[in-house]
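>>> Need a 3D model of the sequence below.
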Amino acid sequence: MVSILIHDINQSYRKRVKDALISAHIEADITESTSSRQALTLLKKNAFVFILWHQTIKEGIDFQMLKQLSTLAPESHLILLTEKQTVLDMVKMIKSSDFNCLSRKISPKKSLIPTITKVLEIEKLKNKAKGLQCQLKYSKNQILIPDHPKYKTCLNRAIDLCKAGVSILIEGETGTGKSVFAEYVHQQTCPEGPFIPMNCGAVDREFLGSELFGHVKGAYTGAISDKQGSMELANKGVLFLDEIGNMPLNTQSKILTAIETKAFQRMGCNKMMHSDFRLISATNKDLHAMVENNEFHEDLLFRIRSIHTIRLPALREVPEIIPYYVQNYLDRYNQQYGKAFTVSDSLMKKFQSLPWKGNLRQLNTVILEAIATDDHQFSILECLHHLADGQPLHLKMDSYLGLDDHLLTIEKYRIEEALKEMNYNIVRTAEYLKIYRSRLHRLLKKHGLSKPKKQDKGI
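Below you'll find the model as predicted:
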C-alpha cells in the first residue's frame, strides 16, 4: 500500500487522480488536503511515499514552500502539479532535481501514473540491490548484544560469576533478551560445552521432571525408551532455566538438591547420575514476593542467584539502543526476504519514543511483520500507529514459536485481512495479494480458512 498526499483545491482533479490510480492497479492510501496549512500539518504528523502538490501561484513556482516540504518530508517523492511554468523555473528545477513537475492540463493517466510507476520500479530495484548487500553481511549465528554501559556491567558481572561456577539469575521483563544474554555468557565462558535451554513455563507440569532429570523406559505411560534430561545433557556446559518462576513447588524441591550436589536420578531409576553444569536462570517475576506468598522456595532463590542482581533493562529505559537492534533486525529480514527496508531518522525517533511493552520481542515482530507482508517501507509506520494508539499488534508474539510456524502465522493473518478487505471475493482477494486464484485456494485449504456463512454469495 502506497501512502499518497494529494494537495489540490480542485475536487474534480483529486477524483481524476484517484480514478487513475485505481485504473493502474496501484493500491494507495490517499490523504487529501485543500490548503497549505492543512497539508503542512499532515506532513508533520504522517509520512507519505508521494506528495502531489498543486502549485497555485500564477507568477511562478514557490521554491520557499518546496524547500519547506523537502525539510518536513525528506524521504517523500514530491510531484509538483502546475499550470504555468516559466523558463527560469525550469532551469531551477533542472538544477535542483529534487522533484518532478507535471502539467495538470495533461490527463493523470498519461502524466502522473507513468511517473509514479517509474519511481516505484526504481525503488524496487534499489531494494533488491540493497537486499543482496544484506545477504553478504548478515550471519544467522549472530548474537545481538548492544554496546551500552548497563549491558556491559551486567555482562562482565555474569561472565565473572559463571567462570567461578556461581549460579546466575537474570531478571527482566518479558522480551528483554534474557535467553540471548544467557547464550552469550555461555559463549564467553565455556563455548566448548553445550548450552541447554529449558523453558519451565512451556513444559506441562507432569512432564517437567522428565524434561529436567530424564527417565528410563517404562517410567510412566508413554515412556517407550530411555531419555536424557536437560540436566544430564548440560554436562560441562550451561543449563539455562528460563521462566523459573513458573516451576511447581514440588519440582523446586527436587532441583534444589540437584543444584547443590550436581547429582540426580532419572525418573523410574534409582541410579544416581552426575552432571557438572553451570546454572543460569531467568525470570520476569518478582521471586521475593513469590517467596512471601509461599509460591517459591526461599532456599532455591538463594541457590540460583548470587549476591549481585543481574537485571536487564526494559527497552523504554534505554531507547538509545533501539537503533542498534532495528538495524540488525532489518539486515536479518532483508536478507531473508530479498528486500531492503530502511528506517529514516524521523522514523527511528518514533521507534525510540514508543513504550515497547513487549520489549525486543515486540520490536522484532513489528519489523518482521512489515518486511514479510509488504513491499513498501512505510508499512512499518502502520505498525507504529497501532502501538502508539495503545492497540495490540496483529500477531501473537509467542517467544516459543519457531520461525517457520511464525511465518505461517503471518501468512494466515495476511490472507484473512485481505479477505475482509475484499469482502471475501476470491477474485479480488487474489488480485489484492498478487497471486493466482489457484494458489489462493490452496492457501485457504492449507490454513483451514473458509468463507463465513453470511458471505457465501460473495465468493
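>>> What is the burial count for L112?
Residues near L112, counting by other CB atoms under 10 Å, number 24. For every residue, glycine as well, the C-beta is placed using N, CA and C.
>>> OK, contacts around the closest residue to it other than its chain neighbours?
Counting by CB to CB, 6 or more residues apart in numbering, L112 lies nearest to L102, which is 6.0 Å off, once chain neighbours are set aside. The contact partners of L102, by CB atoms under 8 Å, 6 or more residues apart in numbering, come to I79, L80, L81, T82, S111, L112, T115.
>>> tell me which element L102 is part of?
strand 99-103 (DSSP states H and E).
>>> Sheet partners, orientation included, of that strand?
strand 77-82 (parallel) (DSSP bridges).
>>> residues making contact with the strand it pairs with?
So strand 77-82 is contacted by 8, 13, 49-55, 61, 66, 69-70, 98-104, 112, 115-116, 119 (CB under 8 Å, 6+ apart).
>>> What segments of the stretch 301-450 of the chain are helices?
Counting by DSSP state H, counting those that start in this stretch, the stretch 301-450 of the chain has helices at residues 322-337, 345-353, 359-373, 379-388, 403-421, 426-433, 437-446.
>>> Check the closest residue to R205 other than its chain neighbours and give its pLDDT.
Excluding its sequence neighbours, the residue lying closest to R205 (CB to CB, 6+ apart) is P248, at 5.2 Å. We have a pLDDT of 89 for P248.
>>> Please determine how far P248 is located from F213.
Separation of P248 from F213 (CB to CB, to the nearest Å): 14 Å.
>>> E369 now?
As judged by CB to CB, E369 and F213 stand 39 Å apart.
>>> for V185, same thing?
24 Å.
>>> out of these two, which sits in the busier spot?
V185 (27 against 24).
>>> residues contacting the more buried one?
When contacts are counted by CB under 8 Å, 6+ apart, V185 touches L155, A158, I159, C162, I168, V238, I280.
>>> Determine which stretch of the helices of the stretch 301-450 of the chain is the most buried.
Mean neighbour count (mean count of other CB atoms under 10 Å) peaks for helix 359-373 among the helices of the stretch 301-450 of the chain, with a mean of 22.
>>> Show the secondary-structure elements that that one is packed against.
helix 322-337, helix 379-388, helix 403-421 (3 or more CB pairs under 8 Å, 6 or more residues apart in numbering; DSSP states H and E).
>>> Now that helix - C-alpha only, PDB.
Extracted C-alpha coordinates of helix 359-373, given in PDB (Å, rounded to 0.1, in the frame of the first residue of the first chain):
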ATOM      1  CA  ASN A 359      10.500  -5.100  24.500                       C
ATOM      2  CA  LEU A 360      12.900  -6.700  22.000                       C
ATOM      3  CA  ARG A 361      10.400  -9.400  21.100                       C
ATOM      4  CA  GLN A 362       7.800  -6.900  20.100                       C
ATOM      5  CA  LEU A 363      10.300  -4.700  18.200                       C
ATOM      6  CA  ASN A 364      11.500  -7.800  16.300                       C
ATOM      7  CA  THR A 365       7.900  -8.800  15.500                       C
ATOM      8  CA  VAL A 366       7.000  -5.400  14.200                       C
ATOM      9  CA  ILE A 367       9.900  -5.400  11.700                       C
ATOM     10  CA  LEU A 368       9.400  -9.000  10.700                       C
ATOM     11  CA  GLU A 369       5.700  -8.400  10.000                       C
ATOM     12  CA  ALA A 370       6.400  -5.200   8.000                       C
ATOM     13  CA  ILE A 371       9.100  -6.800   5.800                       C
ATOM     14  CA  ALA A 372       7.400 -10.200   5.400                       C
ATOM     15  CA  THR A 373       4.000  -8.900   4.500                       C
END
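>>> one step back: ok, so of the contacts of V185, who is nearest I322?
L155 (18.9 Å; CB to CB).
>>> And the helix or strand where that closest one lies, how far out from the chain middle?
Per DSSP H and E: L155 is located in helix 149-163. Helix 149-163 sits 27 Å away from the centroid of its parent chain (CA atoms, centre = their mean, to the nearest Å).
>>> go on, stretch 251-259?
Distance of stretch 251-259 from its chain centroid, counting by CA atoms, centre = their mean, is 37 Å.
>>> Any chance you could list what contacts that stretch?
167, 205, 208-209, 212-213, 231, 247, 263-264, 279, 296-297, 299-300, 303-304.
>>> go with 7 Å
Contacting residues not belonging to stretch 251-259 are listed as S167, L208, G209, L212, M231, F264, L279, F296, H297, D299, L300, R303 [CB atoms under 7 Å, 6 or more residues apart in numbering].
>>> Can you get me a residue count around the third one?
By that I understand G209. 22.
>>> now the fourth one
Burial of L212 is recorded as 23 neighbouring residues (other CB under 10 Å).
>>> wait, isn't M198 in contact with L241?
Yes: assessed by CB atoms under 7 Å, M198 is found in contact with L241 at 5.9 Å.
>>> In terms of packing, which of the two has more residues around it?
Neighbour count, other CB under 10 Å: between M198 and L241, L241 has more, with 26 against 20.
>>> which SS state does the more buried one fall under?
Look at L241: counting by DSSP: H, G, I helix; E, B strand; the rest coil, its state is strand.
>>> Pull the contacting residues for it.
M198, C200, S281.
>>> Please apply the same query to L419.
T429.
>>> if we can go back for a sec, looking at neighbours, which among the contacts of V185 is most surrounded?
The residue in the contacts of V185 with the most neighbours, by other CB under 10 Å, is I280 (30 neighbours).
>>> Quick check: bridge partners of that one?
Beta-bridge partners, per DSSP bridges, of I280: I168, F240.
>>> what are the ranges of the helices in the stretch 1-150 of the chain?
Counting by DSSP H, counting those that start in this stretch, the helices of the stretch 1-150 of the chain are 11-23, 36-45, 63-72, 87-96, 112-137, 149-163.
>>> which one of those lies closest to E416?
helix 11-23 (23.7 Å).
>>> isn't E32 right next to R14, touching?
Yes: E32 lies in contact with R14 (CB under 7 Å); the separation is 5.7 Å.
>>> Name the residues contacting each of those two.
I6.
>>> how about low-confidence regions in the protein?
Residue ranges of the chain with pLDDT under 70: 56-62, 83-99, 126-143, 373-407, 409, 452-459.
>>> In JSON lines: the contacts of L102, plus distance to L449.
Formatted as JSON lines, the contacts of L102 follow (distance: CB to CB, whole Å):
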{"residue": "I79", "distance to L449": "39"}
{"residue": "L80", "distance to L449": "45"}
{"residue": "L81", "distance to L449": "43"}
{"residue": "T82", "distance to L449": "48"}
{"residue": "S111", "distance to L449": "41"}
{"residue": "L112", "distance to L449": "37"}
{"residue": "T115", "distance to L449": "38"}
